[in-house]
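> Give me coordinates for this.
(2 chains)
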Protein chains: 2
Amino acid sequence: MDEATLRTAHAGLLSSEDIGNQVRVAGWVATRRDHGGVLFVDLRDASGIVQVVINPEEQPDLDDVTHALRDEFCISVLGSVRARPEGTINPDLATGEIEIGASEITVLSPADPLPFQIDDRADVDEMRRLEFRYLDLRRPRMAANLLARSRALQAMRSTLADDGFLEVETPTLVKSTPEGARDFLVPSRLRRGSFYALPQSPQLFKQLLMVGGVERYYQIARCYRDEDFRSDRQVEFTQLDLEGAFWGQDQVLAALEPVIAAVVKALRGLDLETPFPRMSHADALARYGTDKPDIRFGMELVELSEVFSATEFKAFSGAVEAGGLIAGINGGGLGLSRAGLDGLVERAQALGAKGLVWMVVEDDGSLRSPVAKFLSDAELGGIKERLGAAVGDTLLIVADSPPTTRAVLGGLRIDLGQPEGHDELQFLWVTDFPVFEVTGEGRLVAAHHPFTAPVDVAEMENHPEDAISRAYDLVLNGTELGSGSERIHDPETQARVFRVLGISDTEAKERFGWFMRGLRYGTPPHAGFAVGIDRIIAILQNEPNIREVIPFPKTQTGLDPLTGTPGPVDDAQLAELGIDLRPEVKAALEEEAGGFETE
Amino acid sequence: MDEATLRTAHAGLLSSEDIGNQVRVAGWVATRRDHGGVLFVDLRDASGIVQVVINPEEQPDLDDVTHALRDEFCISVLGSVRARPEGTINPDLATGEIEIGASEITVLSPADPLPFQIDDRADVDEMRRLEFRYLDLRRPRMAANLLARSRALQAMRSTLADDGFLEVETPTLVKSTPEGARDFLVPSRLRRGSFYALPQSPQLFKQLLMVGGVERYYQIARCYRDEDFRSDRQVEFTQLDLEGAFWGQDQVLAALEPVIAAVVKALRGLDLETPFPRMSHADALARYGTDKPDIRFGMELVELSEVFSATEFKAFSGAVEAGGLIAGINGGGLGLSRAGLDGLVERAQALGAKGLVWMVVEDDGSLRSPVAKFLSDAELGGIKERLGAAVGDTLLIVADSPPTTRAVLGGLRIDLGQPEGHDELQFLWVTDFPVFEVTGEGRLVAAHHPFTAPVDVAEMENHPEDAISRAYDLVLNGTELGSGSERIHDPETQARVFRVLGISDTEAKERFGWFMRGLRYGTPPHAGFAVGIDRIIAILQNEPNIREVIPFPKTQTGLDPLTGTPGPVDDAQLAELGIDLRPEVKAALEEEAGGFETE
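Numbering: from 1, shown residues only, chains lettered A, B, ... in the order given. Alright, predicted model coming up:
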């Protein structure tokens, strides 16, 4: 098989300059239209579409093949390029001025009737699309996403290579060191009873590369998390991972910004303004009620506790006395009915609030609200003033524990103000994250991961819940794209962090001893970052979920409908690995298989 | 931590142009020498080495830190660049004309006593090197290998991106479809009793990308093989994988040659001549006795059966009558003693021959050989003529089944003629591979893989053992770097190949049904290739094994001595996965663990 015998030109690149030329094109039958016996075929290849015209009067020997043609047949066409007749020029098509008059058509491969149309307008169930992903990828939108992803990766790599970064591949059959999410395990056949794990990230290996003197590392790394899936997670995902020795936060941010800018340039054609704005974690929470603020719009949270310092309204005074926070947002001219306002109250409760106070500014400047009668004129005036209220504005106030007040108002702010889609791009660094988070059960967990440097080690031990770390996130339009930190580079600090986390020295040694030993041999200060590639590309492509930009994604429960994976394996294979299915699992599988057999 | 506070200059980039400047450098103490109280430190960072001089008379306050310094401490030094005193210039060092007079030294991290010296000349056990890989990577040779690997990957990607290839990531949690080597299995927690597999290659996904209209795909892909390891294999390895639609062999080879040339240019600075020579599989076997000939030297195999068509020497006539092959090589002036010649006979037997005939050309032109007396003058003359024998040459002749004769002479040829190392580079395409190989038990297996297109499908069915495929290998200096083929693109041919391989339609459907269904929707003709990245970089870096160019390799039995992986996991983790260790495996582990505990 020789390409020259199949095609000499790419469909989408033909133009009026080719008029008069004999060309051979190859691709897929995108559409067929029969106009009075003359067949018009839109032939699609990776470069685009060209119209092929088959006139049975001119080419009677093409009759058989012409009749056989169906949608998505793969064909090769020999013909001459000619101008389209006047009145039939298609300005929407790059090749709209020309067509190919076919003199020879070869069916390279026929196509069975399609499970769905290859047409961006078709609304097909996602499971069906994934089952026939190879057909789904023929859609122009999906083809554009594949192209965008490839360009984004190349833009990242070129920028980093030009900046002196080394691409280093870290292993993917690693030691199981679960931190939070669960590891996938891989049983070893040569050492039965022993297991590898798939990495959740290259974190410890990249830190050891810093110990190894690499100084600037990057990798576009496949990572794995066996967790119960939230709406937009995958069991395997790709991240841009980087690290620099003798570096702190400023160097990491300065290295990343041109990488992000190059991706945006490649996918959007935009010149992004750098440096990106920075905001501390505390400010982000105070002003936006979240650690990943969407700063494309205002509607900032305003603290109102002072206004109510002497209030007689029990719901507010009680909250303040309990150490709570009263704050509000100005939702602007929402023009909601009473039912609409009640809907906001319900939403606030769903977000965790005990209640929500709404107020609408009437034409005379007064505040209409179920609670207005409990508030003094000074308080009502204070609210209006602090929230910059104008006639018609709807004001929303929450009085609760500080985290709840912020989470509820932050959530309402997003509901009311967030622009649809991602035409505008607002990147933001959020810095100075806390070292720890307190779980519902009151346990401390690492806010980023336990290798993040605290600003002050003694402070971290004395007041862990207040301690600030040298960690930072990158946020785009309210979505976290990735996070990084300055790392702990001395083994003693590392051991102290483990202790505060309730990891005993023995356990730390067992899980991370090999890594902590590495820190004992002249480890440079170092810092780094990881960017979720699936997510940034999804946003830049204006896609609602990351599966649209992953060539062969899995469902939210880790299933690949294309191959039917995961699936059962032979007992013999398991025996070789030295493992058995538990009896109850085996019984359940057999029952299921029996059920299928009767179908 | 701010880099500016740690360094303002890179050690290896300083030169006499910097004389008089105050600089801050950071890196590792490579060597320390005390000359009459003055300390000379070679400070190493990723850019190179610079000499730091600490004079206690000039800087008495540095005394404490100076005394504490040990090899491989990570330090930051403030000082001024000055010319070295006359007579102390080091022409072997890029920075050999200058030194830094230290005014301030900060220990960023101390180092424990080292398990081995960071010195390319040190000969350290490989297990020890892998256990402390982060120290091993500080060696200049290993640092150079990491840099070379990064450059090679970037050269490949740039060349392919410029040529219009899309980088597409295929999944690594896939369906188990073992072909030859064993799959690693990954138990699913969300679907207990079900398993993913790790891919041996992206083969089927890349073919489905062709179905999906991608047309030009590449990926630098991590692949996995759970096989018993030969000397130079890894459980996980990296390959450059590519595929083109509407392509045949010529397009694949033409696309790959500039990629290889770019890698050679990046690592060796050489402009490689393209196109590479091509040789059919049959020619390679006939002339070199192997399908991966090292063509840097001649010593080709010469068929001698004709010379002995009427011989009375039983060992030869018997072989010919049994359908065997008599062939020889001219080993040149080996000058071997009788013991040396006997050694060749033993080596031939180890390679599978029943025996080896050696002949040495004496000064008078006669042939000295234990078998000379059984051969006619015409036969002796024929040997000399066919092998181009000159005085002093050693001729080696084997008469055996054709595969054995070729394998033995091919092996002896390598032993006697192959140049050491890889200073010269001879790339070669070997084409027209057979479709099948016959195993020792007489079973047919796919010579490449079962998705390779046969030249003639009917011929393949009628004479499978003789059938030729559209498969090709890339060979460098006698090592196979990778292989590819034109693929089967219609489901009927695919089904017929499976049948010849003894895979029933039912089994084919179960294992590959999802893939074969994909072929039914207008599959373009397509072809591709995969290059083993570890191996080409090892050769170009003149490394004896691929582990030297893999950042964190595993041993031949799949062990990572750095992390102690694979290792045991908790029963609770296994319970979550719905699996148990088999009782005998558990007992063996417990016995082992018990043994360790007494240590």
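
> which element is the residue nearest the centre of chain A on?
Computing the C-alpha centroid of chain A and ranking residues by Cα atoms, centre = their mean puts residue A:535 first, at 2.0 Å. Here residue A:535, judged by DSSP states H and E, is contained in helix A:533-540.

> Please report the distance of residue A:139 from residue A:129.
Taking Cβ to Cβ, to the nearest Å as the measure, residue A:139 falls 9 Å from residue A:129. Any C-beta I mention is one placed from the backbone N, CA and C, and that applies to glycine too.

> Tell me which residues touch the residue nearest to the centre of chain A, please.
Residues in contact with residue A:535 (Cβ atoms under 8 Å, 6 or more residues apart in numbering or on different chains) are A:232, A:479, A:481, A:546.

> Can you tell me which one of the residues you listed carries the smallest pLDDT value?
In terms of pLDDT, the lowest of these is residue A:232, showing 79.

> That one is in contact with residue A:548, isn't it?
No - Residue A:232 is not in contact with residue A:548 according to Cβ atoms under 8 Å; the separation is 10.7 Å.

> So these two - more neighbours on which side?
Legend: neighbour count by other Cβ atoms under 10 Å in any protein chain shown for residue A:232 and residue A:548, higher for residue A:548 (19 against 15).

> quick revisit: okay, and which of the contacts of residue A:535 map to strands?
Counting by DSSP state E, the part of the contacts of residue A:535 found in strands is A:479, A:481.

> what's the average pLDDT for the longest helix along chain A?
As assigned by DSSP state H, the longest helix anywhere in chain A is helix A:140-162. For helix A:140-162, the mean pLDDT works out to 97.

> Next, count neighbours for the closest residue to residue A:566 other than its chain neighbours.
Leaving aside its chain neighbours, residue A:566 sits nearest to residue B:194 (3.8 Å; criterion: Cβ to Cβ, 6 or more residues apart in numbering or on different chains). If you count neighbours by other Cβ under 10 Å, residue B:194 ends up with 22.

> Equivalent analysis for residue A:140, please.
Neighbours of residue A:140 (other Cβ under 10 Å): 15.

> Please look at residue A:372 and residue A:381 and confirm they touch.
No - applying Cβ under 8 Å as the test, residue A:372 and residue A:381 come out as separate, 12.0 Å apart.

> any idea how far the residue in the stretch 251-400 of chain A positioned nearest to chain B is from residue B:23?
Chain B sits closest to residue A:251 of the stretch 251-400 of chain A, with a gap of 4.9 Å, by Cβ to the nearest Cβ. Distance of residue A:251 to residue B:23, given as Cβ to Cβ: 18 Å.

> Neighbour count: the two, which is higher?
The neighbour comparison of residue A:251 against residue B:23 (other Cβ under 10 Å) goes to residue A:251, with 22 against 18.

> before we move on, back to that, does the residue nearest to residue A:566 really touch residue A:568, like I thought?
Yes - between residue B:194 and residue A:568 there is a contact under Cβ under 8 Å: 6.2 Å.

> average pLDDT for the top strand by length along chain A?
Taking DSSP E as the criterion, chain A has its longest strand at strand A:22-35. Averaging pLDDT along strand A:22-35 yields 96.

> and the nearest residue to residue A:187 once chain neighbours are set aside, how many neighbours does it have?
Among residues not flanking residue A:187 along the chain, residue A:577 sits closest, at 4.4 Å (Cβ to Cβ, 6+ apart). By other Cβ under 10 Å, the residues close to residue A:577 number 24.

> what's the answer for residue A:464, then?
Residues near residue A:464, counting by other Cβ under 10 Å, number 17.

> Quick check: phi and psi at it.
For residue A:464, the backbone dihedrals (degrees, to the nearest 10) come out as phi -60, psi -40.

> swap in residue A:396?
Dihedral angles (degrees, to the nearest 10) for residue A:396: phi -120, psi 130.

> List the contacts of it.
So residue A:396 contacts A:328-329, A:331, A:344, A:348, A:356-359, A:409, A:412 (Cβ under 8 Å, 6+ apart).
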